[in-house]
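# below is the sequence, then the predicted model.
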Amino acid sequence: MEDIDLDEIVQDIYKEYPILAQHNFKVVDSRNRPERNTGRGLLEYFPKGKEDASPDLARNVIELYSPELNTPDRLKSAIFGDMLHAMDDEKWKRMKNEVYNIRSPEHVKIDKNAYKKIINEMRNKTPIMERNPDHEPDMENWENRSRKDAYVRGYLAPDYRAESDPEYKWSYSPEQKETLEKMKEFLKSRESHKTGAVVRNPYDYEPKAI
C-alpha cells in the first residue's frame with residue numbers, strides 16, 4: 001500500500017473547507033486491521049464521546065478500513081465525505097433537508113428499498129432470539145442519521161466506485177444542484193458556526209466566534 005500522509009490530506013481539506021476544522025477530526029488508519037471492520041464499509045465516522053466502538057472517545061474520529069482507499073484522491077474524497085456527518089449547523093440542516101425533500105418519486109422509491117435492505121441485513125446478522133426491534137432505526141431516524149448525508153456526500157464527495165458501479169452513482173435535479181452548490185460554498189466559510197465556540201485550527205487563521 002502506498003505510503004500516503006493522512007495528516008496532509010486532512011490539512012488540505014481544512015484549507016479548502018475551513019469550517020470543518022473546528023471539529024478537530026482524528027483519522028485512524030485501520031486498513032491493515034480487518035478485525036476492526038465489522039461490516040462498516042470503506043470507513044466510519046465516530047462522533048466525539050458517543051460510541052464505545054470509537055478508537056478515541058475524546059475526538060471526532062474517522063476510521064479507515066478498506067485497502068481500496070489507496071490513492072490520495074480516493075482518501076481525500078472519502079475522508080471529506082465522512083467529515084460532513086459532523087455538520088450540525090441549522091442553516092446546513094435546512095439546506096440538507098431541502099435537497100432531500102425535493103427528491104423525485106423514483107428516488108423516494110429507491111430510498112424506501114434501501115431502508116428495507118438495511119433492516120434485512122441487520123436482522124440477518126442477528127440470531128432470531130437476540131433480535132430487538134427497539135434497536136432497529138425507523139425510517140425517519142435512518143434518513144436523519146444517514147440517508148440525507150448520503151445525498152450530500154454523493155454530490156460533494158463522490159464515491160470512486162461510481163465510475164464502474166451504478167449503485168454508487170447519484171443523480172440530481174437542477175434545483176438540488178443549486179442548493180448543493182450553496183452548501184459547498186458554506187463549507188468554505190471561515191466563521192465558526194458554534195455559538196461561543198473556541199476553535200483551535202492546525203493552520204494559520206483565526207475564525208470568528210459568534
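Sure, I can see it.
# how about the residue nearest to the spatial centre of the chain, phi and psi?
By Cα atoms, centre = their mean, the mean C-alpha position of the chain lies nearest to D82, the distance being 2.7 Å. Here the main-chain torsion angles of D82 (degrees, to the nearest 10) amount to phi -80, psi -30.
# do the same with the one 10 residues further on
The phi and psi torsions at W92 (degrees, to the nearest 10) take the values phi -60, psi -40.
# what is the helix or strand of the chain with the lowest mean pLDDT packed up against?
Least confident element among the helices and strands of the chain, by mean pLDDT, DSSP states H and E: helix 105-125 (a mean of 87). Helix 105-125 makes packing contacts with helix 139-142 when contacts are defined by 3 or more Cβ pairs under 8 Å, 6 or more residues apart in numbering; DSSP states H and E. Any C-beta I mention is one placed from the backbone N, CA and C, and that applies to glycine too.
# and for the spatially closest residue to the residue nearest to the centre of the chain that is not a sequence neighbour, the neighbour number?
Nearest non-adjacent residue to D82, counting by Cβ to Cβ, 6 or more residues apart in numbering: Y45, 4.4 Å away. By other Cβ atoms under 10 Å, the residues close to Y45 number 20.
# Y45: what secondary structure?
The three-state assignment at Y45 reads strand, by DSSP: H, G, I helix; E, B strand; the rest coil.
# hmm, N60 and it touching each other?
Yes - counting by Cβ atoms under 8 Å, N60 is a contact partner of Y45 at 7.5 Å.
# intersection of neighbour lists for these two?
Shared contacts of Y45 and N60 (Cβ atoms under 8 Å, 6 or more residues apart in numbering): A86.
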